[in-house]
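K.L.:
Test case, fold it:
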Amino acid sequence: MSMVPHNYSVRRNSIFGLLDGDENSAIVSARVDWRETSQAHVFKADLPGLRKEEVKVEIEDNRILQISGERHAETSGKFVQRFRLPENAKMDQVKASMEHGVLTVTVPQEEVKKPDVKVTQISG
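P.N.:
Model (predicted):
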């Protein structure tokens, strides 16, 4: 189950490729994959060339996960991706790590309880 917006077009090979023709800054969409396991929602963002200090992971009260980044270097730019998390997400247990240009955000989820099913005999 994935509710990821599939707007991943970038006009240059860099994550900070130009979108609006401005030579000094750009706003791009970072590629973010969202998959659900039995225990968590796992987001992986491909952010080549970014350091963890240039990336933010924020959780809003209304179950919104926001991943953003901004770079102030030779090639500057920024991106923002927002995701509405399902009700079973444990918002207070979110973890993030970054390794080799890949940001991984793990949002644990509560176990979905299966409803009790009672079989009723059919008379007649």
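K.L.:
Show me the helices in this structure, by range?
P.N.:
Taking DSSP state H as the criterion, the chain carries no helices.
K.L.:
Tell me which residue lies nearest the centroid of the chain.
P.N.:
residue 43 (4.6 Å; Cα atoms, centre = their mean).
K.L.:
residues contacting that residue?
P.N.:
32, 33, 34, 65, 67, 83, 103, 104, 105, 106, 107 (Cβ atoms under 8 Å, 6 or more residues apart in numbering). For every residue, glycine as well, the C-beta is placed using N, CA and C.
K.L.:
and of those residues, the nearest to residue 52?
P.N.:
Among the contacts of residue 43, residue 103 lies closest to residue 52 (Cβ to Cβ), at 7.9 Å.
K.L.:
got any ranges where the chain has weak pLDDT?
P.N.:
Along the chain, segments meeting pLDDT under 70 span 1-29.
K.L.:
quick one: the strands in it?
P.N.:
27-28, 32-36, 40-46, 55-60, 64-71, 77-84, 95-99, 102-108 (DSSP state E).
K.L.:
Between the ones you listed, which one is closest to residue 115.
P.N.:
Using Cβ to Cβ, these put strand 32-36 closest to residue 115, at 20.1 Å.
K.L.:
about what we covered before: what bridges to the residue nearest to the centre of the chain?
P.N.:
Counting by DSSP bridges, residue 43 is bridged to residue 34, residue 105.
K.L.:
ok, back up a step: of all the strands of the chain, which one is nearest residue 121?
P.N.:
Among the strands of the chain, the nearest to residue 121 by Cβ to Cβ is strand 32-36 (37.9 Å).
K.L.:
Okay, angle between the closest one and strand 64-71 too, please.
P.N.:
Angle of strand 32-36 versus strand 64-71, following axes from the mean of the first three to the mean of the last three Cα atoms, to 10 degrees, is 150 degrees.
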